[in-house]
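> Task: produce atomic coordinates for the following.
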Amino acid sequence: MALWKGTILMSEKYPSYVKLPTECDPQTIPNTPYTVRYSLTAKLNNHFESKLLFILMNPSHATDLISDETINYCAHIAYTDVKQLKIGSVTIVNIHPYYEPKSFKLQTIIEDLKTNHPNLYGSTMEKNKTTILQEIDNANYVFLCTGLVPKEIVDKDSYRKLIRSIHNYLEEKVEFVFLCKGDQNKQFYGEGHFTYHLNPLGGQYVNKAKKFVIRNTEFLEVPNEPEIALTHYL
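Numbers count the residues shown, from 1 in each chain. Alright, predicted model coming up:
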């Protein structure tokens, strides 16, 4: 098991097709109990060069040698479900960089940093956004899975604006993105054109992906593109 921020967590091994150690550099925020991860890149055991980027909500507890369920889902999708794309590496970035396995506790971290360490909050968020934009530039393909706005988030307008800014950059820089959904979802995005998380809480599996383009902050299906079956949860 792994110890993270004073909490015992069940660690997971990286799949055998992931080369270790991964590229990951967790950093503690001075004078706080919090740790940030701006990105994690896992190279796969093949000779391909295409890069797949996942944009998610916030890190759980994976490091360079210890994985977690969501990271393994990303690796499985890259290695198995979209193998026709010949992915050689997977990078994961997040809307917020703060390690917290339970996304509904994210507001507590945000509130504490904003109130007691506003400069640190500003600098970590700015570096995180810069990292996201850089990784979009470096990627060949993008899975956009930031999740809906958590109900616990108090400043929902700022949260929405942050995600919209990422959408705007994607619209400018990439041809299309992959969105995901489960059988419980009617379409590939939720209210306000926010995307579903790859590994939502509550045991509701995401099992389909499809190509979309972003036009004026809205998602439009790419014509004649079939759904892709996601098998990471099986």
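
> What segments of the protein are helices?
69-76, 106-116, 118-138, 156-173 (DSSP state H).

> list the helices and strands the shortest one packs on?
The contact analysis (3 or more Cβ pairs under 8 Å, 6 or more residues apart in numbering; DSSP states H and E) places helix 69-76 against strand 40-43, strand 50-56, strand 87-94. Where C-beta positions appear, they are placed from N, C-alpha and C, glycine not excepted.

> residues making contact with it?
Helix 69-76 is contacted by residues 12, 14-15, 17-18, 40, 42, 44, 52, 54, 56, 60, 62, 67, 90, 92, 143, 198-199, 231-233 when judged by Cβ atoms under 8 Å, 6 or more residues apart in numbering.

> Would you write out the ChimeraX command that picks the buried residues out of these?
Listed next is the ChimeraX selection for buried residues among those, using 16 or more other Cβ atoms under 10 Å:
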select :12,14,15,18,40,42,44,52,54,56,60,62,67,90,92,143,198,199,232
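
> related to what we said a few turns ago, and N207, which of the helices of the chain is closest to it?
Among those, the nearest to N207 by Cβ to Cβ is helix 69-76 (11.0 Å).

> Could you list the alpha-carbon positions for the closest one in CSV?
Extracted C-alpha coordinates of helix 69-76, given in CSV (Å, rounded to 0.1, in the frame of the first residue of the first chain):
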residue,chain,number,x,y,z
GLU,A,69,-7.0,2.9,-11.4
THR,A,70,-7.5,5.9,-13.6
ILE,A,71,-3.9,5.9,-15.0
ASN,A,72,-4.2,2.2,-15.8
TYR,A,73,-7.5,2.9,-17.6
CYS,A,74,-5.7,5.5,-19.7
ALA,A,75,-2.8,3.1,-20.5
HIS,A,76,-5.2,0.3,-21.4
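
> Could you tell me how far it lies from the centre of the chain?
10 Å (Cα atoms, centre = their mean, to the nearest Å).

> show me what contacts S123?
By Cβ under 8 Å, 6+ apart, no residues touch S123.

> do you know how far it is from T130?
11 Å (Cβ to Cβ, to the nearest Å).

> how far away is the residue most central in space within the chain from C145?
Centroid check for the chain by Cα atoms, centre = their mean gives L56 as the closest residue, at 1.9 Å. With distances taken as Cβ to Cβ, L56 is found 6 Å from C145.

> Repeat that for P59.
Using Cβ to Cβ, which is the criterion applied here, P59 is 14 Å from C145.

> ditto for R164
Distance from R164 to C145, by Cβ to Cβ: 16 Å.

> pull the CA atoms of stretch 127-137 into CSV?
The C-alpha trace of stretch 127-137 is given here as CSV (Å, rounded to 0.1, in the frame of the first residue of the first chain):
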residue,chain,number,x,y,z
LYS,A,127,1.9,26.5,-14.0
ASN,A,128,-0.7,23.8,-14.4
LYS,A,129,-2.5,25.6,-17.1
THR,A,130,0.8,26.3,-18.9
THR,A,131,1.5,22.6,-18.7
ILE,A,132,-1.9,21.7,-20.2
LEU,A,133,-1.4,24.0,-23.1
GLN,A,134,2.1,22.7,-23.8
GLU,A,135,1.0,19.1,-23.7
ILE,A,136,-1.9,19.9,-26.1
ASP,A,137,0.8,21.3,-28.5
